[in-house]
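Asker: using only what follows, build the 3D model:
(one chain, ligands or ions: 1)
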Amino acid sequence: MKINLVARAHDFARERLGETPFLAVDATAGNGHDTLFLARLAGTNGRVAAFDVQAEAIEATRARLEKNACAAQVELHLCGHEKMAELLGEAWAGKTRAVFFNLGYLPKSDHAVTTSAATTLPALDAAWGLLAPGGFISLTVYTRHPGGFAESERVDTWLDGLRDCADIFTCGAHNPVEPWWAGIVKR
Ligand SMILES: C[S@@+](CC[C@H](N)C(=O)[O-])C[C@H]1O[C@@H](n2cnc3c(N)ncnc32)[C@H](O)[C@@H]1O
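Answerer: I've put the predicted structure just below:
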């Protein structure tokens, strides 16, 4: 049976983001589906920061937010997610309730521009530093595109290093052909 990992990630977040307002990050804005999901949950008193390295992705996200009247609570950053801690600063450090990562490439776009371990791992460390206790990272990992499985293995090792300080929920197999998801809750 094919598991819908995006739906899994959203269900997980809905269960844990009951109280508003909150701060949340979408580390890979792409076409803006996750950014819009977080913006709706956060409401107009919450704040969502979204990152992407492609102008096309930031513009697609902006358009989706505007169409759904959710642009006011979102700040869009055309820059790598590995810079999230320095860009967001003290106001977000230790106070952020959720950071979403949806790795890989922008669908229907240049498949050569993908996330990669060299920047994903520093970004995961930065995200971990932003989280409040009880906050979580939602991490969706694709393995089939070139470089995807190598990134997946490095992310898997990063995850192993957190076992003493996080509750980790996973879904899907960690192999070269199937995607997987992890919900990582900071204790
Ligand atoms: C699978 S897509 C994200 C899909 C998105 N969550 C959505 O809801 O539509 C992955 C995105 O990561 C972006 N990306 C690649 N490297 C990045 C980096 N270092 N920092 C931020 N975004 C990056 C790509 O440009 C691409 O848009």
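Asker: quick one: the strands in the chain, in order.
Answerer: Secondary structure of the chain (DSSP state E): strands at 23-26, 47-52, 74-78, 96-102, 131-141, 166-171, 180-186.
Asker: what residues does this structure have near the ligand?
Answerer: Counting by Cβ under 6 Å from any ligand atom, the chain comes close to the ligand at 28, 30-34, 51-54, 57, 80-82, 102, 104-106, 113, 115, 119. Glycine gets a C-beta too; all of them are placed from N, C-alpha and C.
Asker: need the winner for burial among the strands of the chain.
Answerer: Mean neighbour count (mean count of other Cβ atoms under 10 Å) peaks for strand 23-26 among the strands of the chain, with a mean of 28.
Asker: packing partners for it?
Answerer: Here strand 23-26 touches helix 33-42, strand 47-52, strand 96-102, going by 3 or more Cβ pairs under 8 Å, 6 or more residues apart in numbering; DSSP states H and E.
Asker: quick one: distance of the longest one to the chain centre.
Answerer: Taking Cα atoms, centre = their mean, to the nearest Å, one finds the center of helix 33-42 at 11 Å from the center of the full chain.
Asker: ok, back up a step: which among the residues of the chain next to the ligand count as buried?
Answerer: By the neighbour-count criterion of 16 or more other Cβ atoms under 10 Å, the residues of the chain next to the ligand include these buried positions: 28, 30-34, 51-54, 57, 80-82, 102, 104-106, 115.
Asker: now for Pro133: which residues touch it?
Answerer: When contacts are counted by Cβ atoms under 8 Å, 6 or more residues apart in numbering, Pro133 is found next to Lys186, Arg187.
Asker: and it, how far from Val74?
Answerer: According to Cβ to Cβ, to the nearest Å, Pro133 and Val74 sit 25 Å apart.
Asker: how about the protein: which residue is closest to the ligand?
Answerer: Closest contact between the chain and the ligand, by Cβ to the nearest ligand atom, is at Gly30 (2.5 Å).
Asker: wait, that residue touches Asp52, no?
Answerer: Yes: if you go by Cβ atoms under 8 Å, Gly30 and Asp52 touch, sitting 6.5 Å apart.
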